[in-house]
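Novice: Turn this into a structure:
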Amino acid sequence: MAIVKRKLEAGQFNLKDQVVSINRVTKVVKGGKNMSFAALVVIGDATAGVVGYGTGKAKEVPQAIRKGIESAKKNLVRVKLTETTIPHPVLGHYGAGQVLLKPAPEGTGVIAGGAVRAVMTSAGVQNVLTKSLGSANPHNVIKATFDALLQLRDRKEVAALRGKQVEEL
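Specialist: The predicted structure follows:
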């Protein structure tokens, strides 16, 4: 069964942006060094359960952030939640980075580090336990987190895949 990814329109959501990292990069050329900035940005609508990430590079920080936000608007995904947490534990991979997401009871909060916390709060997840394994590179960690979020399945979807009713699970 193929997963159909439907493009989400950024205009219909109340998106809030969060800068995860800003990196000063240098290109060495004949005349010296060309400095520029690379920004990694996460945007999301916590009420709708929609989140996206993007990167932008420019000569100055504000332009890099603006480019990152525009890129993130093109990569929006909907997160499947059960009330205030995720439906089941999941492990996401990207490169050498792995992110473990586990559902948590009400009142736990978001137990996560920098990059994973930005994605979880932007997606509207209020109670979750996370662990980042392997690479600490924010780009790999965010991509691994998105891999984990895309693996989430709700009860209705699992029942349909198994050919059963939701009550039978």
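
Novice: residue contacts, residue 74?
Specialist: Shown in contact with residue 74 (C-beta atoms under 8 Å, 6 or more residues apart in numbering): 10, 52, 54. To be clear about C-beta, it is placed using only N, CA and C from the backbone, and glycine gets the same treatment.

Novice: Now for the chain, the helix or strand with the poorest mean pLDDT.
Specialist: helix 155-162 (a mean of 83; mean pLDDT, DSSP states H and E).

Novice: For that one, list every residue counted as buried.
Specialist: Residues of helix 155-162 classed as buried: residue 159 (neighbour count, 16 or more other C-beta atoms under 10 Å).

Novice: Report the residue ranges of every domain in the protein.
Specialist: Per the record, the chain has its domains at 10-77, 80-168, by automatic domain parsing.

Novice: What average pLDDT does stretch 31-46 get?
Specialist: If you average the pLDDT over stretch 31-46, you get 94.

Novice: Figure out how far it is from the centre of its chain.
Specialist: Mean-position distance between stretch 31-46 and its chain equals 17 Å (C-alpha atoms, centre = their mean, to the nearest Å).

Novice: Tell me the buried residues in that stretch?
Specialist: 36, 37, 38, 39, 40, 41, 42, 43, 44, 45, 46.

Novice: tell me the secondary structure for the fourth one?
Specialist: Reducing the assignment at residue 39 to three states with DSSP: H, G, I helix; E, B strand; the rest coil gives strand.
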